[in-house]
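1. with the input below, show me the fold.
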Amino acid sequence: MELHRVFVYGTLKRNEPNHSWFSKNTEGYYKFIGEAKTVEKLPLIIATEYNIPFILKSPGNGYNVLGELYEVDSKVLSDLDILEDHPNFYVREKFNVELFNSEQFIENVWIYVIVNFQPHLLNETCYETYSNSGSHGKKYVERYLRNKYLDYKQIFQN
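-> The predicted model follows:
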């Protein structure tokens with residue numbers, strides 16, 4: 001069984017709206033490894049009318065993003081790719097993360113990021129960590145509650 005390491009920072013974290021995607025495939029395997037943070041500073045924003053958390057691929061901007069590290073098999077990774085609409089919306093790329101409660105344990109893992117984005121998004125408020133119930137007051141709108149599809153032009157460069 002091929003295993004992959006995935007760092008999640010938004011709605012896939014424990015106690016967040018999309019965490020159940022890890023167990024969507026009953027034959028799939030996933031394991032919580034621990035809390036971690038990105039080694040590089042990256043901008044984590046909450047954007048669109050649906051209040052979706054994104055990491056923009058703009059190293060050096062933002063914060064060392066706090067999140068969770070998981071080990072998953074290819075079945076679970078495939079489900080996560082579907083949720084994140086990889087590679088059409090998010091792109092899954094390798095970044096270094098540092099695992100907490102470990103002596104400088106750094107690992108190169110998959111993170112879903114937005115690669116081609118409108119420059120004005122870098123002016124949005126950046127966050128170090130995400131919670132749907134955070135003080136930002138921007139509640140994530142789950143797909144089944146949306147009355148239309150996400151307008152990708154809000155995010156992507158033309």
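2. what sits against residue 73?
-> 1, 2, 3, 4, 28, 29, 30 (CB atoms under 8 Å, 6 or more residues apart in numbering). C-betas here are computed from N, CA, C, even on glycine.
3. name the nearest residue to residue 54, sequence neighbours excluded.
-> residue 114 (4.9 Å; CB to CB, 6 or more residues apart in numbering).
4. what's the distance between the one you found and residue 80?
-> 16 Å (CB to CB, to the nearest Å).
5. likewise residue 130?
-> Residue 130 is 16 Å from residue 80, by CB to CB.
6. now do the SS call for residue 21.
-> Residue 21 carries the three-state label helix when classified by DSSP: H, G, I helix; E, B strand; the rest coil.
7. tell me who's in contact with it.
-> Neighbours of residue 21 in contact, by CB under 8 Å, 6+ apart: 12, 79, 80, 83.
8. surely the second one forms part of a helix?
-> By that I understand residue 79. Yes - counting by three-state DSSP, residue 79 is part of a helix.
9. hang on, isn't it packed against residue 25?
-> Yes - assessed by CB atoms under 8 Å, residue 79 is found in contact with residue 25 at 5.6 Å.
10. who has more neighbours, those two?
-> residue 79 (18 against 14; other CB atoms under 10 Å).
11. and that one, how far from residue 90?
-> 14 Å.
12. thinking again about what came up before, and the contacts of residue 21, which are buried?
-> Using 16 or more other CB atoms under 10 Å as the burial test, the contacts of residue 21 include 12, 79, 80, 83 as buried.
13. tell me where this structure has strands.
-> In the chain, the strands defined using DSSP state E lie at 3-8, 30-38, 44-47, 52-55, 66-73, 91-99, 106-113.
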